[in-house]
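In: need a structure here:
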Amino acid sequence: MEKTSLYAYIALKSEEFSDFPLEIVTERLGIEPTQTWKTGDRIHPNNPNNPLERSYTRWEFRTDTIETLDTEEVFRPIFDLFESKIDVINQLKEEFDLQASVTLVIEVYDGDTPALVIYPTFSAFVAAIDAAIDVDMYVFSLVPEEE
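Out: Next up, the predicted model:
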C-alpha cells in the first residue's frame, strides 16, 4: 500500500515568451538542475498529436520523493544547498528578469496528511530570494472507515 509522500523543488523561470541561458544559471549556482526547459520546447515531445509548447524557460532542482509527514525533511535539502547562494540567485533574478518559487508537493494516501509547517529559517531563506511558496496536494485512495 502506498504511503503519503512529499517532495519539494526550487525553480527559476522567465516571464512569458522570454528566455534566459540555462547553462549560465547552472554554472553560477554550481548546482546541476534536475529539470530544465526552454521557451518553445514541446510539453509532450513524444506525442505528435499534442503540439503544445512551453511559454517560458525554467531551471528546477527537485528533492527526492520520501514517505514522511514532516515538511522539514524535504525543505532541508533545498535550504542546505541554496542558502549560501542567496546573492547569486538574486543577481540572476535581476540580470535575467527571473521569478523564483519553492513548491512543496504532497501525495496523500488514505487521508494521512502532513502538517504544513514552514520553519523560520526556511521562510527567511524564501523571503531573501523573494520567492513564492506553492503547495500542491494530490489526494489518492481515501478508504472509508468501517462502522
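In: okay, now the unreliable bits of the chain?
Out: 1, 17, 142-147 (pLDDT under 70).
In: and the helices in it?
Out: Per DSSP state H, the chain carries helices over the ranges 22-29, 72-82, 86-96, 120-128.
In: now the angle between helix 86-96 and the last one, please.
Out: Put plainly, it is helix 120-128. Here helix 120-128 runs at an angle of 20 degrees relative to helix 86-96 (axes from the mean of the first three to the mean of the last three CA atoms, to 10 degrees).
In: do the same with the second one
Out: Compare the direction of helix 72-82 with that of helix 86-96 by the same axes, to 10 degrees and you get 70 degrees.
In: which secondary structure elements does helix 72-82 contact?
Out: Contacts defined by 3 or more CB pairs under 8 Å, 6 or more residues apart in numbering; DSSP states H and E place helix 72-82 against strand 5-13, strand 58-62, strand 99-109, helix 120-128. Where C-beta positions appear, they are placed from N, C-alpha and C, glycine not excepted.
In: hmm, who's touching the first one?
Out: Which is strand 5-13. 25, 34, 56-68, 71, 73-75, 77-78, 82, 89, 92-93, 98-107, 109, 114, 131 (CB atoms under 8 Å, 6 or more residues apart in numbering).
In: which of those residues are buried?
Out: 25, 56-63, 71, 73-75, 77-78, 82, 89, 92-93, 98, 100-107, 109, 114, 131 (16 or more other CB atoms under 10 Å).
In: the closest residue to Val108 other than its chain neighbours and Thr103, how far apart?
Out: In this structure, Val108 finds its nearest non-sequential neighbour in Val139, 4.6 Å apart by CB to CB, 6 or more residues apart in numbering. To Thr103, Val139 is 17 Å away according to CB to CB, to the nearest Å.
In: again with Ile89
Out: In this view, Ile89 and Thr103 are 16 Å apart by CB to CB.
In: next: Pro120.
Out: 20 Å.
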